[in-house]
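**Q** need coordinates for the below:
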Amino acid sequence: MQRNIFKTLSLLVIAAAFFLITPLSRVSAAEFTNETHYLKIDIADDVLVMTQNTAKYDEVWEKAGITDPSSALSSFKDMGVVASFFEPSSRLTVNLITNRTSSTAETFTFASMSDSEIIDYMKNAMSASSQSETIPPGFSVVRDLNSLPFVRITLDATATDNPCSEVIYGTIINGEMLQFDTYKEGKGEVDESFLRKIVAGTGFTKILTPEEYEELVHEARIKLAIIAAVFILLIAFVIFLFIFLGKRREKKAKQISDTMTAFRERMAAGEVDMSVEPVYTVSTHYDEQLFERYGMFRAWIRPDATFALLIGVLLVVLVFKLMQNQLLHVLILAIFIIVLLYMHYSGTDKAKDALIKRYDVKSGPNPTFRFYNEFFKVTGLPSAGEYIYGQVTGVYIWSGVLYIFLGSAQVLPIKIEDIKCCTANELKAMIKSHK
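**A** Numbers count the residues shown, from 1 in each chain. Got it, this is the predicted structure:
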């Protein structure tokens, strides 16, 4: 029971983790969108896009000329890079960096500010940078590329020991600073052509007022609290369910034990007529082929309920992630599902081998089943004896075999071809009617 609880709780944690990861970005043939920052950027079909979610083994890194994806991803995280755009024809790169501070939240947008106000704001914002002391930035405001004003910042370090230069186009929208930057190593002017294309193609799915933004933040907090509450309640429900089912199984086991004891006492007292003819008699033969079928049945037709639930939910999450084009998550989930299936199949194979050993298939046992009104009797097996129908937990027909389950571990298979006294369905109906 503890193992089942652990497996199910693991499932819920995995499912919640993957569902709660917000899709930060999405790339289509000619568009980059980011729901977190309300961004929508038109890009050419051949432009390569890398984000913090891009797998380090993705071929896009090599196409972009990046030889160490791990280092690049680490830099993305440290610098707050939301996306890096690479244009193959020009070999130019533009990085999108976002930043939200109390200052940007207070300013909220450049849209209503004059050129001088924007430049003064950026000068004050960059005055604390040690880099601005050694490399004085140049400022100008660009209004002809986008509906929003962008401040153009130039950093010229071509006179240093490691000559380079950088151009940044930045704006504040929805209380957040967005910066698109490109750079050039060595002497010479920075080619801004690709940078200007990206800035010109940048749009926003939502342009908010400060009041609307605060309302969205409030709604997001409420949603997060609801999700957390549902998650906690779900865990509590699963724990309660397993405790309830465990107690019900214990109660059922006690009832069966009491019924068996009463039946044995009646039989010992001669109150059970053992001379009466059985309703049905079936003699069958056990071989390895029969248990191969059982292995397939137990693995794929009637698997463990917890395992089936686990695989089912993971498949739902897999489809969800596939629809969001989150290929890294899809790959991780697919590998996890494959590993679970392999482990499950291996475990079932061991269970099949255990049954072969229990029934000594190599000796070719020929068990006989005699079904009476009150009980059924099995001979020719190590588990020979009398069983009451209340012990039967399931009767199934699949692939030419009728399976009589006595609990989750013990099974008594009968080949349908050996049932001569009646049909398999009639025998199944009789067993179930006496349960």
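
**Q** can I get stretch 160-168 as CSV, trimmed to CA atoms?
**A** Output of stretch 160-168 as CSV, limited to C-alpha atoms (Å, rounded to 0.1, in the frame of the first residue of the first chain):
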residue,chain,number,x,y,z
THR,A,160,40.3,49.3,-25.5
ASP,A,161,42.6,46.3,-25.4
ASN,A,162,39.7,44.1,-26.4
PRO,A,163,37.9,46.3,-29.0
CYS,A,164,34.2,45.8,-29.4
SER,A,165,31.1,47.9,-29.7
GLU,A,166,27.4,47.4,-28.8
VAL,A,167,24.1,48.9,-29.8
ILE,A,168,21.0,48.5,-27.6
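
**Q** so Ile168 lies in a strand, does it not?
**A** Yes - read with DSSP: H, G, I helix; E, B strand; the rest coil, Ile168 is one of the residues of a strand.

**Q** for it, give its distance to Ala159.
**A** Using CB to CB, to the nearest Å, one obtains 19 Å as the distance from Ile168 to Ala159. In this view, the C-beta of every residue, glycine as well, is placed from N, C-alpha and C.

**Q** check Gly400 too.
**A** 86 Å.

**Q** quick one, which of those two is more surrounded?
**A** Gly400 (12 against 8; other CB atoms under 10 Å).

**Q** look up the closest residue to that one, ignoring the ones flanking it.
**A** Spatial nearest neighbour of Gly400, chain neighbours left out: Ile416 (5.1 Å); criterion: CB to CB, 6 or more residues apart in numbering.

**Q** which residues does that neighbour contact?
**A** Neighbouring residues of Ile416 by CB atoms under 8 Å, 6 or more residues apart in numbering: Ile397, Gly400, Val401, Leu402, Ala424.

**Q** make a ChimeraX selection of the buried ones in those residues.
**A** In ChimeraX, this line selects whichever of the contacts of Ile416 come out buried by 16 or more other CB atoms under 10 Å:
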select :401,402,424
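
**Q** now the contacts of Ile416 in CSV, with pLDDT and secondary structure?
**A** Listed next are these as CSV, based on pLDDT from 0 to 100; DSSP: H, G, I helix; E, B strand; the rest coil:
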residue, pLDDT, secondary structure
Ile397, 92, strand
Gly400, 91, coil
Val401, 92, strand
Leu402, 95, strand
Ala424, 92, helix
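
**Q** if we only consider the contacts of Ile416, which is nearest to Leu73?
**A** Ranked by distance to Leu73 (CB to CB), the contacts of Ile416 are led by Val401 at 53.3 Å.

**Q** residues in contact with the closest one?
**A** Contacts of Val401 by CB under 8 Å, 6+ apart are Leu290, Arg293, Tyr294, Phe297, Pro413, Ile414, Lys415, Ile416.

**Q** that one pairs with what?
**A** Note on Val401: beta-bridge partners by DSSP bridges are Trp398, Lys415.

**Q** where's it relative to Phe110, distance?
**A** 74 Å.

**Q** could you do Leu48 as well?
**A** Per CB to CB, Leu48 is found 29 Å from Phe110.

**Q** name the single longest helix found in the protein.
**A** Longest helix in the chain by number of residues, with DSSP state H as the criterion: helix 210-268.

**Q** and the next helix or strand after it, how far out from the chain's middle?
**A** The first helix or strand that comes after helix 210-268 along the chain, using DSSP states H and E, is strand 280-283. With CA atoms, centre = their mean, to the nearest Å as the basis, strand 280-283 stands 49 Å off its chain's centre.

**Q** with stretch 64-76 instead?
**A** Remark: stretch 64-76 is offset 26 Å from the chain centroid, using CA atoms, centre = their mean.

**Q** returning to what we had before: and the contacts of Val401 as CSV, adding distance to Arg100 and pLDDT?
**A** As requested, the contacts of Val401 are exported to CSV (distance: CB to CB, whole Å; pLDDT from 0 to 100):
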residue, distance to Arg100, pLDDT
Leu290, 66, 83
Arg293, 62, 84
Tyr294, 60, 82
Phe297, 57, 80
Pro413, 65, 91
Ile414, 69, 93
Lys415, 70, 94
Ile416, 69, 94
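
**Q** you'd agree Thr54 is in a strand?
**A** No - using three-state DSSP, the assignment for Thr54 is coil, not a strand.

**Q** follow-up on the earlier one: ok, the contacts of Val401 vs Tyr121, which is closest?
**A** Among those, and counting by CB to CB, the member closest to Tyr121 is Phe297, at 71.3 Å.

**Q** and for the closest residue to the closest one other than its chain neighbours, the neighbour number?
**A** Closest residue in space to Phe297, ignoring its immediate chain neighbours: Trp398 at 5.1 Å, by CB to CB, 6+ apart. By other CB under 10 Å, 14 other residues sit near Trp398.

**Q** pretty sure Trp398 contacts Gly295?
**A** No - with contact defined as CB atoms under 8 Å, Trp398 does not count as touching Gly295 (11.9 Å).

**Q** out of the helices and strands in this structure, which is least certain?
**A** Every helix and strand in the chain was compared by mean pLDDT, DSSP states H and E; the lowest is helix 2-20, with a mean of 49.

**Q** quick one: the strands in the stretch 51-200 of the chain?
**A** Using DSSP state E, counting those that start in this stretch, the strands assigned to the stretch 51-200 of the chain run over residues 81-87, 92-99, 138-142, 150-156, 164-173, 176-185.

**Q** which residues are in contact with the third one?
**A** Residues external to strand 138-142 that are found in contact with it (CB under 8 Å, 6+ apart): 115, 118-119, 122-123, 149-154, 156, 169, 199.

**Q** pick out the most distant pair among these.
**A** Pro149 and Asp156, at 22.7 Å, using CB to CB across these.

**Q** more neighbours, the two?
**A** Looking at Pro149 and Asp156 with other CB under 10 Å, you find the greater number of neighbours at Pro149, namely 20 against 17.

**Q** please tell me how far the more buried one sits from Asn124.
**A** According to CB to CB, Pro149 stands 17 Å off from Asn124.

**Q** again with Leu48
**A** Distance from Leu48 to Asn124, by CB to CB: 36 Å.

**Q** who's more crowded, these two?
**A** Using other CB under 10 Å, the more surrounded residue of Leu48 and Asn124 is Leu48, with 21 against 10.

**Q** mind listing what the more buried one touches?
**A** By CB under 8 Å, 6+ apart, Leu48 lies in contact with Val60, Lys63, Ala64, Phe85, Phe86, Pro88.

**Q** which of the contacts of Val401 lies closest to Leu92?
**A** Distances from Leu92 to these, taken by CB to CB, are shortest for Phe297, at 60.6 Å.

**Q** no further queries at this time; thank you.
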